[in-house]
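Peer 1: sequence first, predicted model second:
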Amino acid sequence: MATTTMTMAKALNEGLRRAMDKNKKVLLMGEDIGKLGGVFRITDGLQKDFGEDRVIDAPLAESAIVGTAVGLAIRGYRTVVEIQFDGFVYPAFDQIVSQVAKLHKRSDGVYTMGLVIRIPFQGGIGAIEHHSESPEAYFAQTAGLRVVSCSTPNDAYWMIQQAIEHDDPIIFCEPKSRYWEKGEVDLENSPRGLFDAVVRREGADVTLIGYGASVKTMLRAAETASGEGVSIEVVDARSIAPLDLDVMAASLEKTGRLVVVQEAPHTASVGSEIVAELSERCFYSLRAPGLRVSGYHVPYPPSRIEDEYRPSVDRILDAVDRVMGFES
């Protein structure tokens, strides 16, 4: 088995390279993605190797970038759009929800939307609002879009390729605070499907569910809890729309206790949907109400206090204590 160690950023770069090698109709488009290689260097070296016609430096106009990608998708191209920062996606919001999400249905299947919109999201890099946001719920609620998020270099490498090959439009959320963390990448075999959740750590007492940057924090919380005699099962959702509720429900039916972790505010959120869906599915297995650990319902704060805003090990363990103590 050919495995290697690389950062998530490098894994995404290699995944894009492999997709472009396999299919000459795969194009990349975004602001500063060519000569610069993107602000996070995800596309570093790709314009040099594939040319300016396939790795396109676009003007600072997100609506125009996505609109152009829609036209290319109609003509059979598979365009990967990079949104430079999460908060910059809003100028393209009308294109995404009015055109990207609807053209396949509107055309009665004549047109597919083989389009991937990459969004570096969540905080943790000491940046300000518009550079540290979590807009995934906007897109998860939009019929016609699929929304996924990687949390490891191996998933980043394979999920970006699977997203490019998919005929539906994919919102591809990348936890920017994890770009520089290293992990093993299997270069030969994809471990699972694009929309499959995965159990990252087995446990018996509490089910923790999250995605993106929160997965590492949940694993740290689970390790801490194990020293206190609490066994936590950590589930990486990976897919936000659709949710892999079968994997999540199987875990909750075993543990009876649920905590969902996300950086986005809890109001009308992905975490709220997970709690609601699993409460319906697993009602007779529940030993406590499902809880959410999330960002607060305020604009993203200045970097000096962002650690107070983002879910932490302590906040997660507090929720674990609450669900563990509910019966008593």
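Peer 2: Happy to help now that I have it.

Peer 1: tell me the contacts of the most centrally placed residue in the chain?
Peer 2: With distances taken as Cα atoms, centre = their mean, the residue of the chain nearest its centroid is residue 149 (1.8 Å). Counting by Cβ atoms under 8 Å, 6 or more residues apart in numbering, residue 149 makes contact with 121, 136, 172-175, 211-212, 237-240. Just so you know, the C-beta spots here come from the backbone N, C-alpha and C atoms, and that holds for glycine as well.

Peer 1: which one of those sits in the busiest neighbourhood?
Peer 2: residue 211 (31 neighbours; other Cβ atoms under 10 Å).

Peer 1: who touches it in this structure?
Peer 2: Residue 211 touches 149, 151, 173, 236-238, 240, 262, 270, counting by Cβ under 8 Å, 6+ apart.

Peer 1: tell me which of these fall in strands.
Peer 2: When the contacts of residue 211 are checked against strands (DSSP state E), the matches are 149, 173, 236, 240, 262.

Peer 1: output the helix or strand of the chain with the lowest mean pLDDT in CSV with nothing but the alpha carbons.
Peer 2: In the chain, no helix or strand scores lower on mean pLDDT, DSSP states H and E than helix 103-106, which sits at a mean of 92. What follows is helix 103-106, C-alpha atoms only, in CSV (Å, rounded to 0.1, in the frame of the first residue of the first chain):
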residue,chain,number,x,y,z
LEU,A,103,-30.1,24.2,-13.0
HIS,A,104,-30.1,20.4,-13.0
LYS,A,105,-33.7,20.2,-11.9
ARG,A,106,-34.8,23.2,-14.0
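
Peer 1: for that helix, packing partners?
Peer 2: Applying 3 or more Cβ pairs under 8 Å, 6 or more residues apart in numbering; DSSP states H and E, we find helix 103-106 packed against helix 62-74.

Peer 1: which strands and helices sit next to the helix it packs on?
Peer 2: Using 3+ Cβ pairs under 8 Å, 6+ apart, helix 62-74 is in contact with strand 26-30, strand 78-82, helix 93-95, helix 103-106, strand 115-121.

Peer 1: now the third one: buried residues?
Peer 2: Going by neighbour count (16 or more other Cβ atoms under 10 Å), the buried part of helix 93-95 is 93, 95.

Peer 1: chain center to that helix: distance?
Peer 2: In this view, helix 93-95 has its centroid 20 Å away from the chain centroid, taken as Cα atoms, centre = their mean, to the nearest Å.

Peer 1: equivalent analysis for the first one, please.
Peer 2: For strand 26-30, the distance from its own C-alpha centre to the chain's C-alpha centre is 19 Å (Cα atoms, centre = their mean).

Peer 1: related to what we said a few turns ago, what's across from the residue nearest to the centre of the chain in the sheet?
Peer 2: residue 173 (DSSP bridges).

Peer 1: in the contacts of residue 211, find the pair that's most separated.
Peer 2: For the contacts of residue 211, the farthest-apart pair by Cβ to Cβ is 151 and 270; their separation is 14.3 Å.

Peer 1: touching, residue 235 and residue 207? I think so.
Peer 2: Yes: assessed by Cβ atoms under 8 Å, residue 235 is found in contact with residue 207 at 6.3 Å.

Peer 1: and for these two, which residues touch both?
Peer 2: Contacts common to residue 235 and residue 207, judged by Cβ under 8 Å, 6+ apart, are 248, 251.

Peer 1: surely residue 16 and residue 38 touch.
Peer 2: No: in this structure residue 16 lies outside contact range of residue 38 using Cβ under 8 Å: 10.5 Å.

Peer 1: so these two - more neighbours on which side?
Peer 2: Neighbour count, other Cβ under 10 Å: between residue 16 and residue 38, residue 16 has more, with 25 against 22.

Peer 1: just the buried residues of the longest helix along the chain, please?
Peer 2: Ranked by number of residues, the top helix in the chain under DSSP state H is helix 8-22. For helix 8-22, burial by neighbour count (16+ other Cβ under 10 Å) applies to 8-20.

Peer 1: of all these, which comes closest to residue 229?
Peer 2: For the buried residues of helix 8-22, the nearest to residue 229 is residue 8 (33.0 Å; Cβ to Cβ).
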